[in-house]
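Undergrad: Below is the sequence, then the predicted model.
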Number of protein chains: 2
Amino acid sequence: MAATKESPIIFYDLASQKNTPWSPNTYKTRLALIHKGLPFRVEYISYPDIAPLMKKLGAPPGSPNSSKFPYTVPVIADPSPEPEGKPIYVSDSWEIAQYLERTYPPPQYPTLFPYGAIAANRAMATVLGRTAYNALADLAIALIGTNHVLDERGHEYFMRTREEMFGKPLVEVVKEEEPKWSTEIRSAWATAGKLLDANGPMDQVGPFVMGKHISNADFLIAGLVLWLRCGEGSEGHRWKELLEWDGGRWGEIWKAVEEMETRSTEV
Amino acid sequence: MAATKESPIIFYDLASQKNTPWSPNTYKTRLALIHKGLPFRVEYISYPDIAPLMKKLGAPPGSPNSSKFPYTVPVIADPSPEPEGKPIYVSDSWEIAQYLERTYPPPQYPTLFPYGAIAANRAMATVLGRTAYNALADLAIALIGTNHVLDERGHEYFMRTREEMFGKPLVEVVKEEEPKWSTEIRSAWATAGKLLDANGPMDQVGPFVMGKHISNADFLIAGLVLWLRCGEGSEGHRWKELLEWDGGRWGEIWKAVEEMETRSTEV
């Protein structure tokens, strides 16, 4: 039995002041659900509530090897195929993507992994992680904190744990990252862009990681754009500049994702 | 004008005692030429002759940013489209693969990059490099040296430069690597194997990096098998064990490459 509007997939996302998406990791799952056309309902959780709730639900830890934060979101609860059965809980965006592809397979449902090239898509995500994600992460985290994007309890938890992680106030991190925007950060994205240029001219082969077809690896890029946009606010200059970088590739991916959001399957 | 049997592509490979392939980097190019069905003739070069020859030919350096060894093989010389024209020299296995795919494109010539997923194929090679290649490299280099695989001048050069690189005799390196075979090395290959398992059951989706279709990234794996096999000799136990690892995936890839070699386009 597939998820329906009446019995949708429950998607556990991170709370924010307005309860709208902001986290790059959970956004990958949101987009995977929309792309697959699966009805879902979002439950926003405040950071300190993740571990207690997931333990109560019996959901598996998303980072079982982490001693500090084994329980993470995204988590999904897929309705049981049996009428009164317990839902199937899946944690971690990569595990969720694989689960969705197996459970709601192509061609009946749109594919997250064109040509069945799942391993290559994952390798692409790894490489994008080491370039685009790593370069942007400190700035995005610091902006999310200093601009108070999260709900009150989540904000307090986020500031405390992230300032401990950095060993300094997040406002300091923003200052340190400022001069890196047009140098290290841009250069790391250019490395990713140059790799994608190997596919051929964008206007002929498409702007996406796998060429003409949007795929799971593109959702990582979209998550980074969203992260920065939420961190600096929709009037910020950086996220708009980023859309223009590398021949406008990131803008093309973001445009496709915005269009997907207009067809959202959120109920 | 395409390469012909009468006017084949010249493929510059590394000399060995028997002048048979042994280098993982050049083997990728050999297999790309065979897979594309392009007639080629091999010129074996001794290590110390690479830089002088490539400068004389006017071939570009394969590692332009390396201060020590800017000139590398593989290099190919593709016959000029003009009757008396200078051949087109291309260096570096990744540059060569892209050049061949552009110059001898599918569907007329078999593709090196199924589905046009060039960037994803490259990302896969990067990930395989960080796992399978990195884990095996020290052992393979040390075996190639201690077992005197290369021609005399190449051997002297190889021993000198590699022992300087390691800061110790290669015979020491072989000893140090011995206990790692069933631990670190096997574990790194298992990481690569687990990533490829994401494609689905091998008997249904195929054993290759991109599933059913062999591609450029598989040639990297084949190069590693060849490297180890030449290093320890064809009666060695390690390369045979490796073919059995990870559900026999590496053995399946090697089998396909051995079959390709029976259809070699070498002239």
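TA: Yes, it's here.
Undergrad: Look at A:Lys18 and tell me its secondary structure.
TA: Three-state call for A:Lys18 (DSSP: H, G, I helix; E, B strand; the rest coil): coil.
Undergrad: interface residues of the stretch 51-200 of chain A facing chain B?
TA: The stretch 51-200 of chain A comes close to chain B at residues A:98, A:114-124, A:126-127, A:195-200, as judged by C-beta under 8 Å from any C-beta of the partner chain. Yep, even glycine has a C-beta here, placed from its N, CA and C like the rest.
Undergrad: now, which of those residues lie within helices?
TA: Residues from those lying in helices, with DSSP state H as the criterion: A:98, A:118-124, A:126-127, A:195-197.
Undergrad: Is there proximity between the longest helix belonging to chain A and chain B?
TA: If you go by DSSP H, chain A has its longest helix at helix A:238-262. No. Helix A:238-262 stays clear of chain B (C-beta under 8 Å from any C-beta), getting no nearer than 11.1 Å.
Undergrad: Remind me what that helix packs against, helices and strands.
TA: Here helix A:238-262 touches helix A:24-36, helix A:186-197, helix A:202-205, helix A:216-232, going by 3 or more C-beta pairs under 8 Å, 6 or more residues apart in numbering or on different chains; DSSP states H and E.
Undergrad: Just give me how far the longest one sits from the chain centre.
TA: It stands for helix A:216-232. 6 Å (C-alpha atoms, centre = their mean, to the nearest Å).
Undergrad: Just to check, A:Arg238 is in contact with A:Trp181?
TA: Yes. If you go by C-beta atoms under 8 Å, A:Arg238 and A:Trp181 touch, sitting 6.1 Å apart.
Undergrad: Which of the helices and strands packed on helix A:238-262 sits closest to B:Met165?
TA: helix A:186-197 (26.4 Å; C-beta to C-beta).
Undergrad: Name the surrounding residues that touch the closest one.
TA: Residues outside helix A:186-197 that contact it (C-beta atoms under 8 Å, 6 or more residues apart in numbering or on different chains): A:127-128, A:131-132, A:134-136, A:209, A:242, A:245-247, A:249-250, B:119, B:122-123.
Undergrad: Please check the residues you listed and keep the buried ones.
TA: A:127-128, A:131-132, A:135-136, A:209, A:242, A:245-246, A:249-250, B:119, B:122-123 (16 or more other C-beta atoms under 10 Å in any protein chain shown).
Undergrad: Next, the buried residues of stretch A:246-265.
TA: Buried-residue list, stretch A:246-265, by 16+ other C-beta under 10 Å: A:246, A:249-254, A:256-257, A:260, A:265.
Undergrad: Kindly reformat those as TSV and extend each row with pLDDT.
TA: Below are the buried residues of stretch A:246-265 laid out as TSV (pLDDT from 0 to 100):
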residue	pLDDT
A:Asp246	98
A:Arg249	98
A:Trp250	98
A:Gly251	98
A:Glu252	98
A:Ile253	98
A:Trp254	98
A:Ala256	98
A:Val257	98
A:Met260	98
A:Thr265	97
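Undergrad: What mean pLDDT does stretch A:115-125 get?
TA: Average pLDDT, stretch A:115-125: 98.
Undergrad: now do stretch A:46-62
TA: 96.
Undergrad: Can you verify my assumption that A:Lys86 contacts A:Pro79?
TA: No. A:Lys86 lies out of contact with A:Pro79 (C-beta under 8 Å); the separation is 9.7 Å.
Undergrad: mind checking how far stretch A:239-248 is from the chain centre?
TA: 19 Å.
Undergrad: rewinding a little: from the buried residues of stretch A:246-265, which two are the most distant?
TA: A:Asp246 and A:Thr265 (30.3 Å).
Undergrad: and A:Phe11, what helix or strand is that in?
TA: strand A:9-14 (DSSP states H and E).
Undergrad: Pairing partners for that strand, with directions?
TA: Under the criterion DSSP bridges, strand A:9-14 sits next to strand A:40-45 (parallel), strand A:75-78 (antiparallel) in its sheet.
Undergrad: now those strands in TSV, with mean neighbour count and distance to B:Val225?
TA: Shown next, in TSV, are the strands paired with strand A:9-14 (neighbours: other C-beta atoms under 10 Å in any protein chain shown; distance: least, C-beta to C-beta, whole Å):
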stretch	mean neighbour count	distance to B:Val225
strand A:40-45	19	45
strand A:75-78	25	40
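Undergrad: Low-confidence regions, the stretch 51-200 of chain A specifically.
TA: Scanning the stretch 51-200 of chain A for pLDDT under 70 picks out no residues.
Undergrad: Which parts of it are helices?
TA: A:93-103, A:118-128, A:134-146, A:152-166, A:170-177, A:186-197 (DSSP state H, counting those that start in this stretch).
Undergrad: can I see the domain layout of chain A?
TA: A:9-111, A:115-262 (the TED database).
Undergrad: Can you lay out those domains as CSV showing distance to B:Glu232?
TA: What follows is those, written out as CSV (distance: least, C-beta to C-beta, whole Å):
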stretch, distance to B:Glu232
domain A:9-111, 35
domain A:115-262, 29
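Undergrad: can you pull the buried residues of stretch A:93-102?
TA: Those would be A:93, A:95-101, for stretch A:93-102 by 16+ other C-beta under 10 Å.
Undergrad: Same list, the residues you listed, but as TSV with distance to B:Val225 please.
TA: Below are the buried residues of stretch A:93-102 laid out as TSV (distance: C-beta to C-beta, whole Å):
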residue	distance to B:Val225
A:Ser93	34
A:Glu95	31
A:Ile96	35
A:Ala97	31
A:Gln98	28
A:Tyr99	33
A:Leu100	35
A:Glu101	31
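Undergrad: Which of those sits closest to chain B?
TA: A:Gln98 (6.6 Å; C-beta to the nearest C-beta).
Undergrad: who are the neighbours in contact with the closest one?
TA: With C-beta under 8 Å, 6+ apart, A:Gln98 has these contacts: A:118, B:198.
Undergrad: what do you get for A:Val75?
TA: Going by C-beta under 8 Å, 6+ apart, the list of residues near A:Val75 reads A:11-12, A:54, A:57, A:59, A:62, A:89-91, A:96.
Undergrad: switch to 7 Å and redo it
TA: A:12, A:54, A:59, A:62, A:89-91 (C-beta atoms under 7 Å, 6 or more residues apart in numbering or on different chains).
Undergrad: hmm, back to that, determine which stretch of the helices of the stretch 51-200 of chain A is the most buried.
TA: helix A:118-128 (a mean of 27; mean count of other C-beta atoms under 10 Å in any protein chain shown).
Undergrad: Please work out which residues outside that one touch it.
TA: Here helix A:118-128 has contacts from A:94, A:113, A:192, A:195, A:209-210, A:215-217, A:220-221, B:117, B:119-121, B:123-124, B:126-127, B:195-196, B:198-199, B:209-210, using C-beta under 7 Å, 6+ apart.
Undergrad: try 8 Å
TA: A:94, A:98, A:101, A:112-114, A:192, A:195, A:209-210, A:215-217, A:220-221, B:117, B:119-121, B:123-124, B:126-127, B:195-200, B:209-210, B:217.
Undergrad: Tell me the gap between stretch A:143-161 and the middle of its chain.
TA: So, by C-alpha atoms, centre = their mean, the centroid of stretch A:143-161 is 18 Å from its chain's centroid.
Undergrad: Tabulate the CA atom coordinates of it in PDB.
TA: Provided in PDB are the C-alpha atoms of stretch A:143-161 (Å, rounded to 0.1, in the frame of the first residue of the first chain):
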ATOM      1  CA  LEU A 143      24.500  32.900   9.600                       C
ATOM      2  CA  ILE A 144      21.600  30.500  10.600                       C
ATOM      3  CA  GLY A 145      22.700  31.100  14.200                       C
ATOM      4  CA  THR A 146      23.500  34.800  14.300                       C
ATOM      5  CA  ASN A 147      20.300  35.700  12.300                       C
ATOM      6  CA  HIS A 148      18.200  33.600  14.700                       C
ATOM      7  CA  VAL A 149      16.500  31.500  12.100                       C
ATOM      8  CA  LEU A 150      15.400  28.700  14.500                       C
ATOM      9  CA  ASP A 151      12.600  28.500  17.000                       C
ATOM     10  CA  GLU A 152      13.600  29.600  20.500                       C
ATOM     11  CA  ARG A 153      14.500  26.200  22.100                       C
ATOM     12  CA  GLY A 154      16.200  25.100  18.900                       C
ATOM     13  CA  HIS A 155      18.100  28.400  18.600                       C
ATOM     14  CA  GLU A 156      19.400  28.100  22.200                       C
ATOM     15  CA  TYR A 157      20.500  24.500  21.500                       C
ATOM     16  CA  PHE A 158      22.100  25.400  18.200                       C
ATOM     17  CA  MET A 159      24.100  28.400  19.500                       C
ATOM     18  CA  ARG A 160      25.400  26.400  22.400                       C
ATOM     19  CA  THR A 161      26.400  23.300  20.500                       C
END
